[in-house]
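S.K.: output the structure for:
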Amino acid sequence: MNDGTEEELLDLVDEHDRVIGGTRRRDVHGNPALIHRVAHVIVLNDRGGIFLQKRCGTKDVQPGKWDTSVGGHVDRGETYFSAARREMAEELGITDAELRFSHKYLHRNSYESEYVATFLAEWTGDIRLDHTEIDEGRFWTASEIASKRNSGLFTPNFLDEFDRWRAL
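M.R.: Numbering: from 1, shown residues only. Take a look at the predicted model:
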(Lines give C-alpha, C1' and ligand atoms only; values in the text may rest on other atoms or scores of the structure.)
Protein backbone atom coordinates (compact mmCIF):
# COMPACT_ATOMS: atom_id res chain seq x y z
CA MET A 1 0.00 0.00 0.00
CA ASN A 2 1.50 3.35 -0.98
CA ASP A 3 -0.44 6.03 0.86
CA GLY A 4 2.37 8.59 0.98
CA THR A 5 3.51 7.67 4.48
CA GLU A 6 6.88 6.48 3.21
CA GLU A 7 7.66 10.08 2.23
CA GLU A 8 6.71 11.59 5.63
CA LEU A 9 9.53 13.85 6.80
CA LEU A 10 10.65 13.21 10.37
CA ASP A 11 13.16 14.78 12.74
CA LEU A 12 16.11 12.62 13.70
CA VAL A 13 17.11 12.99 17.36
CA ASP A 14 20.00 11.90 19.55
CA GLU A 15 19.74 9.85 22.74
CA HIS A 16 18.79 13.02 24.64
CA ASP A 17 15.94 13.86 22.23
CA ARG A 18 17.80 16.77 20.62
CA VAL A 19 17.13 17.28 16.90
CA ILE A 20 20.22 16.40 14.86
CA GLY A 21 18.72 16.25 11.36
CA GLY A 22 15.84 14.90 9.36
CA THR A 23 14.92 12.07 7.05
CA ARG A 24 12.02 10.18 5.49
CA ARG A 25 9.88 7.66 7.35
CA ARG A 26 11.06 4.83 5.11
CA ASP A 27 14.66 5.47 6.21
CA VAL A 28 14.01 5.09 9.96
CA HIS A 29 11.97 1.87 9.78
CA GLY A 30 14.40 -1.00 9.60
CA ASN A 31 17.31 1.11 10.86
CA PRO A 32 17.39 1.23 14.68
CA ALA A 33 20.47 3.48 14.57
CA LEU A 34 18.18 6.37 13.54
CA ILE A 35 16.06 7.69 16.41
CA HIS A 36 12.81 9.45 15.51
CA ARG A 37 9.92 10.88 17.53
CA VAL A 38 6.52 9.32 18.16
CA ALA A 39 3.47 10.53 20.11
CA HIS A 40 1.14 8.12 21.92
CA VAL A 41 -2.19 8.72 23.61
CA ILE A 42 -3.70 6.32 26.11
CA VAL A 43 -7.47 6.86 25.99
CA LEU A 44 -9.30 5.88 29.18
CA ASN A 45 -13.02 5.75 29.84
CA ASP A 46 -14.81 6.64 33.07
CA ARG A 47 -14.75 2.97 34.20
CA GLY A 48 -10.96 2.65 33.92
CA GLY A 49 -11.05 0.88 30.57
CA ILE A 50 -8.18 1.39 28.12
CA PHE A 51 -9.06 1.84 24.45
CA LEU A 52 -6.90 -0.26 22.15
CA GLN A 53 -6.81 -0.24 18.37
CA LYS A 54 -6.27 -3.32 16.25
CA ARG A 55 -3.79 -2.36 13.58
CA CYS A 56 -4.94 -2.79 10.00
CA GLY A 57 -3.71 -5.96 8.32
CA THR A 58 -1.98 -3.89 5.64
CA LYS A 59 0.27 -1.94 8.07
CA ASP A 60 4.01 -2.40 7.52
CA VAL A 61 4.73 -2.72 11.25
CA GLN A 62 2.87 -5.25 13.45
CA PRO A 63 -0.20 -5.74 11.21
CA GLY A 64 -3.30 -7.20 12.88
CA LYS A 65 -2.04 -6.68 16.44
CA TRP A 66 -3.70 -4.72 19.24
CA ASP A 67 -1.85 -1.50 20.02
CA THR A 68 -1.88 1.71 22.08
CA SER A 69 -5.04 3.83 21.68
CA VAL A 70 -3.28 6.33 19.42
CA GLY A 71 0.21 6.40 18.02
CA GLY A 72 1.94 8.23 15.25
CA HIS A 73 5.09 9.88 14.05
CA VAL A 74 5.91 13.44 14.99
CA ASP A 75 6.37 15.27 11.70
CA ARG A 76 9.46 17.35 11.04
CA GLY A 77 9.25 20.53 13.15
CA GLU A 78 6.06 19.41 14.95
CA THR A 79 5.72 19.16 18.74
CA TYR A 80 4.82 15.96 20.54
CA PHE A 81 1.60 17.58 21.80
CA SER A 82 0.53 18.71 18.31
CA ALA A 83 1.26 15.27 16.89
CA ALA A 84 -0.74 13.57 19.66
CA ARG A 85 -3.72 15.86 19.04
CA ARG A 86 -3.48 15.38 15.24
CA GLU A 87 -3.18 11.60 15.45
CA MET A 88 -6.07 11.35 17.93
CA ALA A 89 -8.29 13.28 15.51
CA GLU A 90 -7.13 11.27 12.47
CA GLU A 91 -7.26 7.79 14.01
CA LEU A 92 -10.22 8.04 16.42
CA GLY A 93 -12.10 11.19 15.39
CA ILE A 94 -11.57 12.71 18.86
CA THR A 95 -10.93 16.44 18.64
CA ASP A 96 -11.89 17.94 21.97
CA ALA A 97 -10.51 15.66 24.69
CA GLU A 98 -8.09 17.18 27.16
CA LEU A 99 -4.58 15.78 26.75
CA ARG A 100 -2.32 15.43 29.78
CA PHE A 101 1.37 14.62 29.42
CA SER A 102 2.23 11.35 31.18
CA HIS A 103 5.81 10.31 30.40
CA LYS A 104 8.55 10.15 27.80
CA TYR A 105 11.06 7.40 27.04
CA LEU A 106 13.42 5.97 24.44
CA HIS A 107 12.09 2.70 22.99
CA ARG A 108 14.45 0.48 21.01
CA ASN A 109 13.92 -2.82 19.25
CA SER A 110 15.58 -4.64 16.36
CA TYR A 111 13.45 -2.72 13.83
CA GLU A 112 13.51 0.90 15.01
CA SER A 113 14.37 3.39 17.75
CA GLU A 114 11.76 5.91 18.87
CA TYR A 115 11.55 8.68 21.42
CA VAL A 116 7.99 8.30 22.66
CA ALA A 117 5.97 10.99 24.46
CA THR A 118 2.81 9.55 26.00
CA PHE A 119 -0.29 11.55 26.82
CA LEU A 120 -3.48 10.55 28.63
CA ALA A 121 -7.04 11.43 27.62
CA GLU A 122 -10.35 10.54 29.25
CA TRP A 123 -13.14 9.97 26.73
CA THR A 124 -16.69 8.66 26.90
CA GLY A 125 -17.97 10.02 23.60
CA ASP A 126 -18.16 8.53 20.15
CA ILE A 127 -15.07 7.09 18.50
CA ARG A 128 -14.82 7.09 14.69
CA LEU A 129 -12.07 4.73 13.57
CA ASP A 130 -9.95 5.48 10.53
CA HIS A 131 -10.40 2.12 8.81
CA THR A 132 -7.41 2.73 6.53
CA GLU A 133 -5.26 2.32 9.66
CA ILE A 134 -7.42 0.47 12.19
CA ASP A 135 -9.44 -2.73 11.74
CA GLU A 136 -11.30 -2.43 15.05
CA GLY A 137 -11.11 -0.91 18.50
CA ARG A 138 -12.54 -1.42 21.95
CA PHE A 139 -11.99 -0.71 25.63
CA TRP A 140 -10.09 -3.36 27.57
CA THR A 141 -9.61 -3.75 31.31
CA ALA A 142 -6.08 -3.85 32.67
CA SER A 143 -6.72 -7.38 33.93
CA GLU A 144 -7.83 -8.53 30.44
CA ILE A 145 -4.61 -7.18 28.98
CA ALA A 146 -2.50 -8.74 31.72
CA SER A 147 -4.17 -12.14 31.30
CA LYS A 148 -3.55 -12.14 27.52
CA ARG A 149 -0.12 -10.49 27.46
CA ASN A 150 1.66 -13.65 26.29
CA SER A 151 -0.95 -14.57 23.65
CA GLY A 152 0.67 -12.73 20.75
CA LEU A 153 -2.37 -10.42 20.43
CA PHE A 154 -0.51 -7.22 21.33
CA THR A 155 2.36 -5.31 19.77
CA PRO A 156 5.56 -5.48 21.82
CA ASN A 157 5.60 -1.67 21.81
CA PHE A 158 2.15 -1.58 23.44
CA LEU A 159 3.14 -4.08 26.13
CA ASP A 160 6.18 -1.93 26.92
CA GLU A 161 3.94 1.18 27.02
CA PHE A 162 1.37 -0.61 29.22
CA ASP A 163 4.03 -1.68 31.73
CA ARG A 164 5.50 1.84 31.91
CA TRP A 165 2.07 3.42 32.40
CA ARG A 166 1.09 0.98 35.14
CA ALA A 167 4.39 1.60 36.97
CA LEU A 168 3.68 5.35 37.30
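S.K.: going by C-alpha atoms from here, please, whenever you check contacts or count neighbours.
M.R.: Fine.
S.K.: what about the residue nearest to the spatial centre of the chain, which SS state?
M.R.: The centroid of the chain falls nearest to G71 when counting by CA atoms, centre = their mean (2.1 Å). Secondary structure, DSSP: H, G, I helix; E, B strand; the rest coil: G71 is strand.
S.K.: show the pLDDT at it.
M.R.: In this model, G71 is scored at 96, pLDDT.
S.K.: that one and A84 touch, don't they?
M.R.: Yes: the pair G71 and A84 qualifies as a contact (CA atoms under 8 Å) at a distance of 7.4 Å.
S.K.: what is in contact with the two at once?
M.R.: Common contact partners of G71 and A84 (CA atoms under 8 Å, 6 or more residues apart in numbering): 39-41.
S.K.: can I get those in JSON lines including pLDDT and secondary structure?
M.R.: Below are these laid out as JSON lines (pLDDT from 0 to 100; DSSP: H, G, I helix; E, B strand; the rest coil):
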{"residue": "A39", "pLDDT": "98", "secondary structure": "strand"}
{"residue": "H40", "pLDDT": "98", "secondary structure": "strand"}
{"residue": "V41", "pLDDT": "98", "secondary structure": "strand"}
